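**Student:** Quick one: sequence plus predicted model below, questions after.
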Amino acid sequence: MREKIRRHSTTIIVAMIVAAITAGAPSVAHVTSSWTHLRDEHIKPFADSRYAKKTEPYILEAGPADDGVVQPLNNTRMNNYCRDLDGCEVTLAMINWNAPAEPGNVASRTYILFISQTSRWWRFNDDADSSGLDNNDATQGISAWDCYFTDSETSTNASNGRDDQEAGFGLLNGTNVGYPDDTTACRVIVKD
Ligand SMILES: [Ca+2]
Ligand SMILES: [Ca+2]
Ligand SMILES: [Ca+2]
Ligand SMILES: [Ca+2]
C-alpha cells in the first residue's frame with residue numbers, strides 16, 4: 001500500500017513538471033514572436049539603406065557678395081536627401097535684412113520637398129503646392145522674401161538671370177527685389 005502511494009505521488013510530481021513545461025511553452029513562443037516583431041519592424045528599417053538618415057544637414061549660403069547670382073546645390077546630395085521615400089525638409093532663410101536694428105536676425109520658411117524617384121518632377125508642400133520639372137529649360141521654384149530656391153543650377157548674369165538646362169537646383173540671393181542687397185544673406189538648409 002505504501003509503495004502504491006509513493007508511486008502515485010511520483011506520478012503527480014511528474015504531471016506537475018510536465019504541466020509547468022507545457023505552460024511555459026507559450027511564453028517562449030511569445031518572446032520569440034516579440035523578438036521577430038522587434039527585429040522586423042523596429043531594427044531592420046534602420047539598417048535598410050532606403051531609410052538611412054544622413055544626419056548632417058546640407059547648408060548652403062549666398063551672401064551679399066553672391067547677390068543676383070545662382071549658387072548651385074550639389075545634386076548628388078539633393079538626390080540622396082530628397083529623391084527617396086521620405087523626401088527632405090527645406091528651410092529657406094533670409095539673414096541680416098535689417099542690419100542696424102536687428103543684427104543677424106533670421107527670417108525663415110520650412111517646407112517638405114519630394115523629388116520624384118522616377119522622373120525629375122518635384123513638389124513642395126507649401127500653401128501653393130509649388131511644383132515643377134527640373135531640367136526642362138524653364139526655371140521654377142519658391143521664394144522667401146529676398147531668397148529663392150530654384151530648379152535653376154546655372155547663373156546667366158548677376159541680375160537674377162538663371163537657366164534650368166541641367167539636373168539640379170540652386171539658391172539665389174535676389175538682387176534689387178526689395179531688401180538691402182549690401183547686408184542681406186540667404187541660406188538654404190536641407191535635412192534628409
Ligand atoms: Ca529623405
Ligand atoms: Ca524647371
Ligand atoms: Ca535644374
Ligand atoms: Ca539680395
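**Tutor:** Noted; the coordinates are in hand. Numbers count the residues shown, from 1 in each chain. Ligands and ions are numbered 1, 2, ... in the order given.
**Student:** Residue 180 and residue 94 touch, don't they?
**Tutor:** No: the criterion here is CB atoms under 8 Å, and residue 180 misses it with residue 94 at 10.9 Å. Just so you know, the C-beta spots here come from the backbone N, C-alpha and C atoms, and that holds for glycine as well.
**Student:** more crowded one of the two?
**Tutor:** Each of residue 180 and residue 94 has its neighbours counted (other CB atoms under 10 Å); residue 94 has more, 22 against 13.
**Student:** residues making contact with the helix or strand hosting that one?
**Tutor:** Element membership for residue 94, per DSSP states H and E: strand 88-95. Residues from elsewhere that reach strand 88-95, judged by CB atoms under 8 Å, 6 or more residues apart in numbering: 78, 81-82, 104-114, 124, 142-149, 179, 184-192.
**Student:** Quick one: buried ones out of these?
**Tutor:** Buried members of these, scored by 16 or more other CB atoms under 10 Å, are 78, 81-82, 107, 109, 111, 113-114, 124, 142-149, 179, 184-192.
**Student:** Filter those down to the ones in strands?
**Tutor:** Using DSSP state E, the members of the buried ones among the contacts of strand 88-95 that fall within strands are 107, 109, 111, 113-114, 124, 142-144, 147-149, 185-191.
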